[in-house]
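S.K.: Quick one: sequence and predicted model below, then my questions.
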Amino acid sequence: MERLTDISVIKGIMERYGFSFSKALGQNFITNPAVCPKIASMGGADENTGVIEIGPGFGVLTNELCRTAKKVVAIELDDRLIPILGETLAEYDNVKVINADVMKTDLKALIGEEFEGMDVAVCANLPYYITTPIIMYLLEERLPVRSVTVMVQKEAGVRICAPLATRESGAVSFAVRYYSEPRLLFNVSRGSFMPAPDVDSCVIRLDILREPPVKVRDEKFFFSVVRGAFSQRRKTLANSLSSALSLDKSTVNSAIAAAGLPAGVRPEQLDMEGMAAVADALYELKL
Ligand code: SAM
């Protein structure tokens, strides 16, 4: 296949298939030839690895993954792209394209069926309208994957990778660090896509942890405390938690004290252990 990063090749495909980009589906295709080889190699696509790609588009990253990985399964929601991918991936026999919504796909079953005996990694240029839900779905399912390497909007990447107990940290930073070790790999400018989005992007890699960094009394309750803590960023932890979880202030204050934290502590001052201690203390007080 001619280079899928060439604007003339992309335009040729669009003309032949009568294809136009869907903004609603987050279709910004990569045109910078340096980006896909970097995502594939830094995402760990090698001869022992099976790769799940989300949203192959015209298959620009898929081509690179097929060249370097043992097997690729690409999940694409837009059915207009399926015949196009049939053409752009025709030279590979280690790829399977599935026409489905990734959020409605049983990825655990898919991994069992398609990648037996292989290490598994996820690599993707994610549709931006649904970045965080996809990342959380991949993590919460506790899939047997080694890593998730994805392109996201720069601002989202910074928040996802933010160290805890810093101004940039938020509920998503806690959720991501409960399941993985995140790292920002490199930035990608908005001019690297067609059509060009309004913002720059970055590629992040999440290395999946075998065990969460803390052992909490109740995981579901822990995450409701994380969400509640950051529901009103400017308020103190006590105020945010009492209003988000409908608890009286004295109960929340007792939990914060039991966790060994100062009364006026703010959510962005908490690390994972601090958040877990507050959640566990609240859980016990509520029993
Ligand atoms: N991988 C291509 C590239 O880098 O040029 C396209 C990336 S584009 C940012 C996102 C792709 O995800 C589009 O092809 C879009 O149709 C697809 N997509 C959007 N929502 C999806 C979903 N829920 N499940 C699977 N694919 C989806």
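M.R.: Received, thanks. Numbers count the residues shown, from 1 in each chain.

S.K.: How many neighbouring residues does Arg184 have?
M.R.: If you look again at residue 184, you'll see it is Leu, not Arg. Counted with other CB atoms under 10 Å, the neighbours of Leu184 add up to 16. In short, each C-beta sits where N, CA and C put it, glycine included.

S.K.: That one touches Arg159, doesn't it?
M.R.: No: in this structure, Leu184 is not within contact of Arg159 by CB atoms under 8 Å, at 10.7 Å.

S.K.: surely Met29 meets Lys11?
M.R.: You called it Met, but residue 29 is Phe. No: under the contact definition of CB under 8 Å, Phe29 does not touch Lys11, with a separation of 11.4 Å.

S.K.: between those two, which one's more packed in?
M.R.: Phe29 (20 against 11).

S.K.: Who are the contact partners of that one?
M.R.: Ile10, Phe21, Gly57, Phe58, Val60, Phe193, Met194 (CB atoms under 8 Å, 6 or more residues apart in numbering).

S.K.: Show me which pair in those residues is furthest apart.
M.R.: The largest separation in the contacts of Phe29, counting by CB to CB, is between Phe21 and Val60 at 13.8 Å.

S.K.: out of those two, which sits in the busier spot?
M.R.: Neighbours per residue (other CB under 10 Å) separate Phe21 from Val60, with Val60 holding more: 23 against 16.

S.K.: wait, the more buried one sits on Leu4?
M.R.: Yes: look at Val60 against Leu4 with CB under 8 Å: they come within range, at 4.0 Å.

S.K.: what sits against Glu2?
M.R.: Shown in contact with Glu2 (CB under 8 Å, 6+ apart): Val9.

S.K.: Repeat that for Asp207.
M.R.: Applying CB under 8 Å, 6+ apart, we find Asp207 in contact with Arg146, Ser147, Ser180, Glu181, Pro182, Arg183.

S.K.: To what extent is Gly274 buried, counted in neighbours?
M.R.: What Gly274 shows, counting by other CB under 10 Å, is a neighbour count of 20.

S.K.: okay, it: pLDDT?
M.R.: On the pLDDT scale, Gly274 is placed at 98.

S.K.: Pop out the phi and psi values for it.
M.R.: phi -60, psi -50 (degrees, to the nearest 10).

S.K.: Close to the ligand: what parts of the chain are there?
M.R.: Applying CB under 6 Å from any ligand atom, we find that the chain lies next to the ligand at 25-30, 54-57, 60-61, 75-78, 81, 101-103, 125, 127, 130.

S.K.: Restricted to strands, list those residues.
M.R.: Phe29, Ile30, Ile54, Ile75, Glu76, Asn125 (DSSP state E).

S.K.: got the contact list for the nearest residue to the third one once chain neighbours are set aside?
M.R.: By that I understand Ile54. In this structure, Ile54 finds its nearest non-sequential neighbour in Ala124, 4.1 Å apart by CB to CB, 6 or more residues apart in numbering. For Ala124, the contact set (CB under 8 Å, 6+ apart) comprises Glu53, Ile54, Gly55, Leu61, Thr149, Val150, Met151.

S.K.: From these, pick the one nearest the ligand.
M.R.: Distances from the ligand to the contacts of Ala124, taken as CB to the nearest ligand atom, are shortest for Gly55 (2.1 Å).

S.K.: what's the domain layout of the protein?
M.R.: 7-208, 219-286 (automatic domain parsing).

S.K.: End to end on the last one, go ahead and measure it.
M.R.: From the first residue to the last, domain 219-286 extends over 15 Å; the measure is CA to CA, to the nearest Å.

S.K.: Over to stretch 183-196?
M.R.: OK, stretch 183-196 end separation, CA to CA: 25 Å.

S.K.: Tell me which residues of it come out buried.
M.R.: Leu184, Leu185, Val188, Ser192, Phe193, Met194 (16 or more other CB atoms under 10 Å).
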